[in-house]
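Novice: coords please:
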Amino acid sequence: MSDSYRRPAYPPLRSSSGAWAAVSLFRLRLPWALALTAAAAAGAGCGGTNKPAPQTAAISGGNNVSAPPPVDRSRCKSDGKQVIAADTNLDKKADVWKYYVSNGNGAQVMTCKQVDLNHDGKVDITYYYDDTGSASVLEEFDLDFDGRNDLTVYYGNGKKVREELDTNYDNRPDLWKFYEDEKLVRVERDSDFNGRVDQWEYYENGKLDRIGYDTSGSGRVDKWDRAPEGVDDTLAGTTPTPSAGAAPPSQGGPPSAAATPPAAAAAPPPASVQPPAATAAAPPQVRPK
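Specialist: Residues are numbered from 1 along each chain as shown. Have a look, this model is predicted:
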């Protein structure tokens, strides 16, 4: 990275767009809103007939957390790629980086995009793209701008399949949301932040159906609560609606024009088109987890 792109001291949040700043602030509020709405749903449950839990994915890491879908994270490494940097707020420091690789036919395909929302020299959002460069396979968000990712979203065949959220910012997820055909079907929680799931919420047709608890530390459900009839629990596992002028996180594909800086909103070039001529800039240094 050239001298002009060295990381500056952490400045106050700045943006040339009011909507852009609103999106950033909304992301900061996201984990707390999720935690509060989920707690309300859990408290609403009442005793009832137990219902067998569906089979979960393979266990990873010696705990009871389902293994995430595999993702090629080298797509966001600069090795063998052309990196094009952009300065969206004209402060003479790069805040958007796009990674391109040849598809073997002489055309360049975007594999990754990284965005520095608050212009402090650290990446706040990372988008991993599929082989066509047109749809996200993974998105990572730094919600509190500390250089560490707090929200990870996985996609399969262009549809969201899983979210992982670190609600207490201890550098490991404690809330997992699972989707089938873009519909929420299960939420898992680590309520005591010990790295193991101890609460499971199951949804039927978008409504909370039942909640299972691990009260013994065995890693399995040993107590059930049923959601009361007639209560709308659809908000328990969904992202809250943003305030006026803000846009929710991207759900598949490159970010929309309302959720990215002007220079970053353009769609990736077609397979037959070369990216614009630009001086390749070294990608930002991201502090490892």
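
Novice: okay, now the unreliable bits of the stretch 51-200 of the chain?
Specialist: For the stretch 51-200 of the chain, the stretches with pLDDT under 70 are 51-62.

Novice: all strands for it, in order.
Specialist: Secondary structure of the stretch 51-200 of the chain by DSSP state E, counting those that start in this stretch: the strands cover 82-86, 96-102, 108-115, 125-129, 136-141, 151-156, 159-165, 175-180, 183-189, 199-204.

Novice: nearest to T215, out of these?
Specialist: Comparing the strands of the stretch 51-200 of the chain by their distance to T215 (CB to CB), the top pick is strand 199-204, with 10.1 Å. From N, CA and C alone the C-beta is placed, and that goes for glycine too.

Novice: and that closest one, which strands flank it?
Specialist: The pairing partners recorded for strand 199-204 under DSSP bridges are strand 183-189 (antiparallel), strand 207-213 (antiparallel).

Novice: so I84 touches K98, yeah?
Specialist: Yes - with contacts defined as CB atoms under 8 Å, I84 counts as touching K98 at a distance of 4.9 Å.

Novice: mind listing the helices for the stretch 1-150 of the chain?
Specialist: 18-44 (DSSP state H, counting those that start in this stretch).

Novice: show me what V187 bridges to in the sheet.
Specialist: If you apply DSSP bridges, the partners that V187 bridges to are K177, E201.

Novice: okay if I get the strands paired with strand 199-204 as CSV plus mean neighbour count?
Specialist: Rendered in CSV, the data for the strands paired with strand 199-204 read as follows (neighbours: other CB atoms under 10 Å):
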stretch, mean neighbour count
strand 183-189, 20
strand 207-213, 20
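
Novice: switch these over to a markdown table; also include distance to N168.
Specialist: Listed next are the strands paired with strand 199-204 as a markdown table, based on distance: least, CB to CB, whole Å:
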| stretch | distance to N168 |
| --- | --- |
| strand 183-189 | 12 |
| strand 207-213 | 19 |
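
Novice: closest to V115 out of these?
Specialist: Among the strands paired with strand 199-204, strand 183-189 comes nearest to V115, with 26.5 Å by CB to CB.

Novice: got the angle for that closest one vs strand 159-165?
Specialist: On the basis of axes from the mean of the first three to the mean of the last three CA atoms, to 10 degrees, strand 183-189 is oriented at 20 degrees to strand 159-165.

Novice: quick check: the closest residue to N168 other than its chain neighbours vs K77, distance?
Specialist: Leaving aside its sequence neighbours, N168 sits nearest to F193 (CB to CB, 6 or more residues apart in numbering; 5.9 Å). Distance of F193 to K77, computed by CB to CB, to the nearest Å: 31 Å.

Novice: neighbour-wise, which of I84 and K98 wins?
Specialist: When I84 and K98 are compared for neighbours, K98 comes out ahead with 27 against 21, by other CB atoms under 10 Å.

Novice: isn't that one up against K113?
Specialist: Yes - in this structure, K98 is within contact of K113 by CB under 8 Å, at 5.1 Å.

Novice: could you find the closest non-adjacent residue to V153?
Specialist: Spatial nearest neighbour of V153, chain neighbours left out: E139 (4.4 Å); criterion: CB to CB, 6+ apart.

Novice: ditto for D209
Specialist: Closest residue to D209 apart from its sequence neighbours, by CB to CB, 6+ apart: Y202 at 5.1 Å.

Novice: could you give the number of residues near that neighbour?
Specialist: By other CB under 10 Å, the residues close to Y202 number 19.

Novice: how far away is it from T111?
Specialist: The gap separating Y202 from T111 is 36 Å, by CB to CB.
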